[in-house]
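Asker: Have a look at this prediction, sequence included:
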Amino acid sequence: FFCDAKESWANACFGAQKKLFHNFHFLATQTGKAFFYFYVGSITLFLLPKSQFWKFTYITLGGVLMLLGAIMLTLRYCTSCCGGARGGDRASG
């Protein structure tokens, strides 16, 4: 939540976003966030509970996170297919 929230809102809570980005700098970049989403999604997707309801929930959430990570990487590195040049990785804000 804090890495994608508006900077003024996230830092209103004891500077949480600033501390998060200082200690985990990869979350401040689009590429870092994309790989993190992909990693969390893959863990969620492959560590499934026995209950059918929760299995469906985990598969859905894991799949969405992996898809989001893949889309973010595509938008970052495939400028020819996504329309125009993109700037480098920047801290959100």
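Answerer: Ah, there it is.
Asker: Rounded mean pLDDT for stretch 65-82, please.
Answerer: What stretch 65-82 shows for mean pLDDT is 85.
Asker: in that stretch, what counts as buried?
Answerer: In terms of neighbour count (16 or more other Cβ atoms under 10 Å), stretch 65-82 has its buried residues at 65-66, 68-69, 72-73, 76. (Each C-beta comes from the backbone N, C-alpha and C, glycine too.)
Asker: what would those look like in TSV with distance to residue 18 and secondary structure?
Answerer: Written out in TSV, the entries for those read as follows (distance: Cβ to Cβ, whole Å; DSSP: H, G, I helix; E, B strand; the rest coil):
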residue	distance to residue 18	secondary structure
65	25	helix
66	29	helix
68	24	helix
69	24	helix
72	22	helix
73	26	helix
76	23	helix
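Asker: would TSV of those residues with distance to residue 44 be doable?
Answerer: Compiled in TSV, the buried residues of stretch 65-82 are given as follows (distance: Cβ to Cβ, whole Å):
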residue	distance to residue 44
65	6
66	9
68	12
69	12
72	17
73	18
76	22
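Asker: which outside residues touch stretch 35-46?
Answerer: 26-27, 58-59, 61-70, 72-73 (Cβ atoms under 8 Å, 6 or more residues apart in numbering).
Asker: Dump the strand or helix carrying residue 41 to PDB, keeping only the CA atoms.
Answerer: For residue 41, the enclosing helix or strand under DSSP states H and E is helix 30-46. Presented in PDB, the C-alpha positions along helix 30-46 are these (Å, rounded to 0.1, in the frame of the first residue of the first chain):
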ATOM      1  CA  GLN A  30       9.100   0.600 -11.600                       C
ATOM      2  CA  THR A  31      11.300  -2.400 -12.500                       C
ATOM      3  CA  GLY A  32      11.900  -3.300  -8.800                       C
ATOM      4  CA  LYS A  33       8.100  -3.100  -8.100                       C
ATOM      5  CA  ALA A  34       7.400  -5.200 -11.100                       C
ATOM      6  CA  PHE A  35       9.800  -8.000 -10.100                       C
ATOM      7  CA  PHE A  36       8.500  -7.800  -6.500                       C
ATOM      8  CA  TYR A  37       4.900  -8.200  -7.700                       C
ATOM      9  CA  PHE A  38       5.900 -11.100  -9.900                       C
ATOM     10  CA  TYR A  39       7.700 -12.800  -7.000                       C
ATOM     11  CA  VAL A  40       4.900 -12.400  -4.600                       C
ATOM     12  CA  GLY A  41       2.400 -13.500  -7.200                       C
ATOM     13  CA  SER A  42       4.400 -16.700  -8.000                       C
ATOM     14  CA  ILE A  43       4.700 -17.600  -4.300                       C
ATOM     15  CA  THR A  44       0.900 -17.000  -3.900                       C
ATOM     16  CA  LEU A  45       0.100 -19.000  -7.000                       C
ATOM     17  CA  PHE A  46       2.300 -22.000  -6.100                       C
END
